[in-house]
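Trainee: sequence and predicted structure below; questions after.
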Amino acid sequence: MGHSSKKKKKRGGARRAPSKDHNSLAADNSELIGEEITALCAIFQDECEVVSGSLPQIQIKLRPYSKDTGYDESDISALLSVRFLSGYPNKCPKLRIIPEKGLSVVDADNLLSLLHDQANSNAREGRVMIYNLVEAAQEFLSEVVPQAESRESVSLSIDQFAAIIKHKKCMTS
């Protein structure tokens, strides 16, 4: 007595769209990464180097950007090393700043922090991001006084950095 002999019907609900398998998603990401690397190499030419390895990796030379003359021939430069990870652009790439000349370790760390913040923001939206990161780095370097300058200039550099952070916070709010 207490049990019904009727079988429960499965509810019809909306069907999920068939999902792509893991290999198909990896192929899509590889194609997207390949296209982005090709575009970056075309834009930055001699300033961009593809590094071979198990995961795609590139290095782009960073220099300050001047609106009047293009790249500024100042005494400051660095390399941005980018290693793409599976899941890019929804997952941030591994970023590293390698100071070349005139960039202090503190400024390199601050630049890397700025780029990580921007990369996280882009990853949440699933957007390719390396070109935007390079532009942000060039803008940052345009505000940095090369390390060989006097102590007064270094304190000015810190003030300039504070202004950049304040500006960045205003833009994200």
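Mentor: Great, that's in hand.

Trainee: double-check that residue 85 belongs to a strand.
Mentor: No: read with DSSP: H, G, I helix; E, B strand; the rest coil, residue 85 is coil and lies in no strand.

Trainee: what residues does the helix or strand encompassing residue 96 touch?
Mentor: Assessed by DSSP states H and E, residue 96 sits inside strand 94-101. With contact meaning Cβ atoms under 8 Å, 6 or more residues apart in numbering, strand 94-101 is reached by 59, 61-62, 75-83, 85, 103, 105, 107-109, 111-112, 115-116, 119, 133, 137, 146. Using the backbone N, CA and C atoms, a C-beta is placed for each residue, glycine as well.

Trainee: buried set for that strand?
Mentor: 95, 97, 99 (16 or more other Cβ atoms under 10 Å).

Trainee: which parts of this structure are helices?
Mentor: 22-44, 105-125, 130-143, 151-172 (DSSP state H).

Trainee: returning to that earlier point: reformat the buried residues of strand 94-101 as a markdown table; add pLDDT and distance to residue 49.
Mentor: Compiled in a markdown table, the buried residues of strand 94-101 are given as follows (pLDDT from 0 to 100; distance: Cβ to Cβ, whole Å):
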| residue | pLDDT | distance to residue 49 |
| --- | --- | --- |
| 95 | 97 | 16 |
| 97 | 97 | 15 |
| 99 | 94 | 17 |
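
Trainee: give me the neighbour count for residue 90.
Mentor: By other Cβ atoms under 10 Å, 12 other residues sit near residue 90.

Trainee: wait, I meant residue 129
Mentor: Neighbour tally, residue 129, other Cβ under 10 Å: 23.

Trainee: do the same with residue 81
Mentor: By other Cβ under 10 Å, neighbour count at residue 81 equals 17.

Trainee: residue 75 against residue 64, yeah?
Mentor: No: at 9.8 Å, residue 75 and residue 64 do not qualify as touching, with contact defined as Cβ atoms under 8 Å.

Trainee: which of the two has more residues huddled nearby?
Mentor: residue 64 (21 against 14).

Trainee: from residue 102, how far off is the more buried one?
Mentor: Separation of residue 64 from residue 102 (Cβ to Cβ, to the nearest Å): 10 Å.

Trainee: what does residue 120 give?
Mentor: From residue 120 to residue 102 the distance is 28 Å (Cβ to Cβ).

Trainee: looking at those two, which is more packed in?
Mentor: residue 102 (19 against 11).

Trainee: ok, residues contacting stretch 78-90?
Mentor: Contacts of stretch 78-90 with the rest of the structure, by Cβ under 8 Å, 6+ apart, involve 26, 29, 32-33, 51, 53, 55-62, 91-100, 103, 108, 111, 115, 122-123, 126-130, 133-134, 137, 141.
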